[in-house]
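J.: sequence? don't have it. structure:
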């Protein structure tokens, strides 16, 4: 009976090998097809995006040609220059958000002057280019600004962090934003008194027998608004998560941590004085770190990360003092001789205190795996009693469940050290520029010291958040792409319904440009209405997320954001004006680009054929 069983096992083994090989082949083919599909989709998106951008450029040129009144042009340029200057200050100098109005104005003036001068030059360039043939127009409006962007890159030298291609694209975008856009806004305002504007607005409100077109128009406006609304809300929530994490990291770890490659820093006083002398440093404080377990006599046991701080200095470096629920930092100082309790003070997180069942005045035992007396089986754990003198609470359960603070001498005693610290916490004048201060501290101290700013403490989280933000942005952009196609369909249906009207306009002397302008105005108004509604809805929802979350929880009885899972209990949100402007720009480019094909189709309509078919 052995041989048949062996033969059966051999046959089954060979079949399994064949199936395994077949499955590996299918996986390889599937992976290759997936890669090809992703590349095809990326190329299609790049192609569609290029078409929309080029079409929007042409439509803006149509509006810019209508700008003839100098006061309107100057007003449009001034308004857009102020807007761009505000956005630039918010992006490049975020610390100005907390500055006084006088400091903000002083920072604003040179930026506004630069944008104003650049806008005047760019508008002159586009005014000259719009009346020239297409090759010369492309050279003046695309090649020349791109070349100026590359020249600016070489002028800045090593200070710039972009490539030549990015510099060229940035130069073209700046020329369009500062030159073509003000002319287009001024031209669109002047068109309001023309016959084309009157006809376009009348066509948006269909007659009773053409209610279907009005319904499609409303759906199109709603699609654009939904895309803008969702993108602003999602980006605001992700900004809120990033801000919350940033505040917690900065509040618990300061802006910069200075350590030594050798570990313990013995000459802490001299090093501290040298750090505080560095330009950009507001305050610094030493700290000692330790890990172990904490136990209450009548309670449980939990892991703890003990941090020794200087109670007199730490308030100027971190925001731990603002998070204290009970007690104070002064209670952490070593008790004087003859005090009622000689135990060192300990400040624990509120969640950790609830886990242990501890309160103010209770004694806790901290256990360290190192530093105990030697035994035949190795060093024994080191035990030290502390007295709870304070409770703190942060927005993150992770800190409340794990961290505890004590005086530096008490933590040194717990570790069995004679002296020395683990490092220094440093507060800078601007935490957005903390990396520069860290580099300056490293240059001042030299080896073996190094500095890490707050962004380097959790790099994986911030990178993942950035990747998720970019992915969600690209996915939600598809909603606006679909709504742009709806604009195309809506205008085509409107042209078909109004073909006889277009034919009559042409027989009365209306030119192709006038007919093209009518339908371009319609598509532009649809896009502007959708963008305006989307921005209002996005900002309204983003600023009232806490209220919406409370109403949902009251209606369903479900904790939508449990702190034990997400570390926070309230959905954070922060609206970024630069991101809102970017979303608005993309939505308007898609809306304007969608009007070119239908408007040109309507302009080329043969009046004889249209009247004959009607």
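T.: Noted; the coordinates are in hand. Because the structure is a prediction, the values reported are computed rather than measured.
J.: these two touch, right, residue 222 and residue 529?
T.: No. Counting by CB atoms under 8 Å, residue 222 does not reach residue 529; the two are 9.8 Å apart. Where C-beta positions appear, they are placed from N, C-alpha and C, glycine not excepted.
J.: can you map out the strands along this structure?
T.: Secondary structure of the chain (DSSP state E): strands at 256-260, 281-296, 301-309, 324-326, 345-349, 363-368, 374-375, 378-379, 382-392, 403-407, 423-428, 449-453.
J.: Buried deepest among the ones you listed, which one?
T.: When these are scored by mean count of other CB atoms under 10 Å, the highest mean neighbour count falls to strand 345-349 (a mean of 27).
J.: As CSV, the strands of the chain with distance to residue 487 and mean pLDDT would be great.
T.: CSV is the format used below for the strands of the chain (distance: least, CB to CB, whole Å; pLDDT from 0 to 100):
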stretch, distance to residue 487, mean pLDDT
strand 256-260, 51, 86
strand 281-296, 53, 85
strand 301-309, 56, 85
strand 324-326, 55, 83
strand 345-349, 54, 85
strand 363-368, 66, 82
strand 374-375, 80, 62
strand 378-379, 75, 62
strand 382-392, 54, 84
strand 403-407, 54, 87
strand 423-428, 49, 86
strand 449-453, 46, 84
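J.: for those, which one sits closest to residue 151?
T.: Residue 151 lies closest to strand 449-453 among the strands of the chain, at 33.2 Å (CB to CB).
J.: what pairs with that closest one, and is each one parallel or antiparallel?
T.: strand 256-260 (antiparallel) (DSSP bridges).
J.: Is residue 244 in contact with residue 570, as I believe?
T.: No. Residue 244 sits out of contact with residue 570 when judged by CB under 8 Å, with a separation of 9.3 Å.
J.: how close does residue 417 get to residue 288?
T.: 8 Å (CB to CB, to the nearest Å).
J.: make that residue 45, sorry
T.: Taken as CB to CB, the span from residue 45 to residue 288 is 53 Å.
J.: cool, residue 413 as well?
T.: In this view, residue 413 and residue 288 are 10 Å apart by CB to CB.
J.: do residue 363 as well
T.: For residue 363, the distance to residue 288 (CB to CB) stands at 21 Å.
J.: Kindly report the same for residue 325.
T.: Residue 325 is 24 Å from residue 288, by CB to CB.
J.: next one: residue 187
T.: For residue 187 relative to residue 288 (CB to CB), the value is 67 Å.
J.: OK, contacts around residue 222?
T.: 530, 533 (CB atoms under 8 Å, 6 or more residues apart in numbering).
J.: next one: residue 234
T.: Residue 234 touches 472, 473, 476, counting by CB under 8 Å, 6+ apart.
J.: How about stretch 102-112, which residues are buried there?
T.: Buried positions in stretch 102-112, judged by neighbour count with 16 or more other CB atoms under 10 Å: 107, 108, 111, 112.
J.: Quick check: bridge partners of residue 348?
T.: residue 391, residue 404.
J.: from what I can see it touches residue 391, true?
T.: Yes. With contact defined as CB under 8 Å, residue 348 reaches residue 391; the gap is 6.5 Å.
J.: burial count for residue 531?
T.: 24 (other CB atoms under 10 Å).
J.: Check the gap between the residue nearest to it when sequence neighbours are not counted and residue 225 for me.
T.: Sequence neighbours aside, residue 587 is the residue nearest to residue 531 in space, at 4.8 Å (criterion: CB to CB, 6 or more residues apart in numbering). Distance, residue 587 to residue 225, by CB to CB: 9 Å.
J.: next one: residue 114
T.: For residue 114 relative to residue 225 (CB to CB), the value is 34 Å.
J.: got it, and residue 450?
T.: Separation of residue 450 from residue 225 (CB to CB): 50 Å.
J.: can you check residue 505 too?
T.: From residue 505 to residue 225 the distance is 31 Å (CB to CB).
J.: okay, the two: which has more neighbours?
T.: residue 225 (23 against 20).
J.: Tell me who's in contact with the more buried one.
T.: 529, 530, 531, 533, 534, 537.
J.: closest to residue 425 among those?
T.: residue 537 (42.5 Å).
J.: Now do the same contact list for that closest one.
T.: 225, 228, 229.
J.: pLDDT value on it, please?
T.: pLDDT, residue 537: 91.
J.: if I look at it, how far off is residue 479?
T.: Residue 537 is 13 Å from residue 479, by CB to CB.
J.: repeat for residue 413
T.: 61 Å.
J.: Residue 424 now?
T.: Distance from residue 424 to residue 479, by CB to CB: 49 Å.
J.: And for residue 439?
T.: For residue 439, the distance to residue 479 - CB to CB - is 43 Å.
J.: Tell me where the stretch 351-500 of the chain has helices.
T.: Assigned helices in the stretch 351-500 of the chain, in chain order: 397-402, 408-415, 434-445, 459-497, 499-507 (criterion: DSSP state H, counting those that start in this stretch).
J.: Any idea which of these gets closest to residue 169?
T.: Closest among the helices of the stretch 351-500 of the chain, once you apply CB to CB, is helix 459-497, at 17.7 Å.
J.: Show me what that closest one is packed up against.
T.: helix 211-253, helix 512-543, helix 577-603 (3 or more CB pairs under 8 Å, 6 or more residues apart in numbering; DSSP states H and E).
J.: that older thread, do you know which of the strands of the chain lies nearest residue 596?
T.: Checking the strands of the chain against residue 596 by CB to CB gives strand 449-453 as the closest, at 47.6 Å.
J.: What are the contacting residues of the closest one?
T.: In this structure, residues lying in contact with strand 449-453 by CB under 8 Å, 6+ apart are 255-261, 271, 426, 431, 434-435, 437-439, 441-442.
J.: Now do that strand and helix 434-445, the angle between them.
T.: 170 degrees (axes from the mean of the first three to the mean of the last three CA atoms, to 10 degrees).
J.: pLDDT score assigned to residue 191?
T.: 86.
J.: For it, give me its contacts.
T.: Contacts of residue 191 by CB under 8 Å, 6+ apart are 63, 66, 197, 517, 521.
J.: which of these lies closest to residue 293?
T.: Nearest to residue 293, judged by CB to CB, of the contacts of residue 191 is residue 63 at 70.5 Å.
J.: Spit out the contact partners of that closest one.
T.: With contact set as CB under 8 Å, 6+ apart, residue 63 has these partners: 183, 184, 185, 187, 188, 191, 520, 524.
J.: give me that answer again for 6 Å
T.: 184, 187, 188 (CB atoms under 6 Å, 6 or more residues apart in numbering).
J.: again with residue 442
T.: Counting by CB under 6 Å, 6+ apart, the residues that residue 442 touches are 450, 451.
J.: at 10 Å instead, please
T.: Listed by CB atoms under 10 Å, 6 or more residues apart in numbering, the contact set of residue 442 reads 256, 258, 278, 449, 450, 451.
J.: Distance of it relative to residue 255?
T.: Taking CB to CB, one finds residue 442 at 14 Å from residue 255.
J.: ok, now residue 175?
T.: Taking CB to CB, one finds residue 175 at 38 Å from residue 255.
J.: And residue 201, by the same measure?
T.: Taking CB to CB as the criterion, residue 201 is separated from residue 255 by 55 Å.
J.: Which one's more surrounded, those two?
T.: More crowded of residue 201 and residue 255, by other CB under 10 Å: residue 255, with 28 against 14.
J.: which residues does the residue nearest the centre of the chain contact?
T.: Central residue of the chain (CA atoms, centre = their mean): residue 239, 5.1 Å from the mean position. Counting by CB under 10 Å, 6+ apart, residue 239 touches 465, 469, 542, 572, 573, 574, 575, 576, 579.
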